[in-house]
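K.L.:
Sequence below, structure please.
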Amino acid sequence: MAKLNVAPTKSSYLELSRQLDTAKEGYDLLDQKRQILVYELMSRLGRARDAERRLNETLVPAHEALRDAVLDVGSAGVDRATLAVVFDHQVDISQQNLMGIRLPTVTAMTADLSIQFGIGGTSAQTDTAMQSFIEVLPLLAELAELENAVIRLARELRKTQRRCNALSKVFIPDYSETINYIQSNLEERERESFIIQKMIKDRLAREAEEDKRHG
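P.N.:
A predicted model of the protein is given here:
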């Protein structure tokens, strides 16, 4: 803690007290925001881990089917088959607002899968691989949304935590110490003023008593 370099006056006391009250209110609001950010961050972290697990579970059979298709018709055959694929998909990105933080919402929309390959030149594994990789798209969108939100929430949480620390460990203690110093100084002045006034009063009373005796 460090005492501020201000004059120990009544006006300083009132102004610093006002600023300290404002800082304490600001800290309470920031602390509430910090708690909400922690909750939202942990929630999305859990959901991101679950999405990553489901994505990996979906990718395993997709890669296995692709490997089998390559074994059946060769990599060149798979490449030729994919060139003829006509498949519509769309990625929609919007934003939601959470305490001033813009978080993305990512949605992958795919059309119904139609027959893409002829009987010759491909195998059943080619269709299976395509279907499996299509199922990956919504999971990729979900994971991208959650990971991006986690990054933004973590960044905002660090900023909020720094502000909370600055208020609770620097601003509020320094102002509190300075206010206590000014209050003690003012009280000491009041005591000195009271003693001086009492001494003057007693002296005047004695002088009045002396004048009365000699009058």
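K.L.:
Go through the protein and flag its longest helix.
P.N.:
When secondary structure is assigned using DSSP state H, the longest helix within the chain turns out to be helix 10-83.
K.L.:
From the contact counts, what lies against that one?
P.N.:
Based on contacts counted as 3 or more Cβ pairs under 8 Å, 6 or more residues apart in numbering; DSSP states H and E, the elements that helix 10-83 packs against are helix 124-166, helix 172-214. From N, CA and C alone the C-beta is placed, and that goes for glycine too.
K.L.:
Counting by contacts, list what the helix or strand just after that helix packs against.
P.N.:
Towards the C-terminus, the helix or strand next in line after helix 10-83, according to DSSP states H and E, is strand 89-98. Contact analysis of strand 89-98 by 3+ Cβ pairs under 8 Å, 6+ apart lists strand 101-110, helix 124-166 as its packing neighbours.
K.L.:
Point out the most buried one among these.
P.N.:
Most buried of these by mean neighbour count (mean count of other Cβ atoms under 10 Å) is helix 124-166; its value is a mean of 17.
K.L.:
returning to what we had before: next, the angle from the longest helix of the chain to helix 172-214.
P.N.:
Following axes from the mean of the first three to the mean of the last three Cα atoms, to 10 degrees, one obtains 170 degrees for the angle between helix 10-83 and helix 172-214.
K.L.:
now the angle from helix 10-83 to strand 101-110?
P.N.:
Orientation check (the same axes, to 10 degrees): helix 10-83 against strand 101-110 gives 10 degrees.
K.L.:
quick check, distance from helix 10-83 to the centre of its chain.
P.N.:
Taking the mean of its C-alpha atoms, helix 10-83 sits 12 Å from the chain's own mean (Cα atoms, centre = their mean, to the nearest Å).
K.L.:
where are the low-confidence patches of this structure?
P.N.:
Under the criterion pLDDT under 70, the flagged ranges of the chain are 1, 77, 79-88, 111-124, 211, 214-215.
K.L.:
My guess is residue 156 contacts residue 101. True?
P.N.:
Yes. Look at residue 156 against residue 101 with Cβ atoms under 8 Å: they come within range, at 5.3 Å.
K.L.:
can you tell which of the helices and strands packed on strand 89-98 is closest to residue 51?
P.N.:
In terms of Cβ to Cβ, the element of the helices and strands packed on strand 89-98 nearest to residue 51 is helix 124-166, at 4.4 Å.
K.L.:
before we move on, what SS does residue 5 have?
P.N.:
With DSSP: H, G, I helix; E, B strand; the rest coil as the basis, the three-state label of residue 5 is coil.
K.L.:
For it, list the residues it contacts.
P.N.:
With Cβ atoms under 8 Å, 6 or more residues apart in numbering as the criterion, no residue contacts residue 5.
K.L.:
gap between it and residue 17?
P.N.:
Counting by Cβ to Cβ, to the nearest Å, the gap from residue 5 to residue 17 is 17 Å.
K.L.:
Please convert the helices and strands packed on strand 89-98 to a markdown table, extending it with distance to residue 25.
P.N.:
Written out in a markdown table, the entries for those read as follows (distance: least, Cβ to Cβ, whole Å):
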| stretch | distance to residue 25 |
| --- | --- |
| strand 101-110 | 22 |
| helix 124-166 | 13 |
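K.L.:
and of these, who's closest to residue 72?
P.N.:
Minimum separation from residue 72 across those (Cβ to Cβ) falls at helix 124-166, 5.9 Å.
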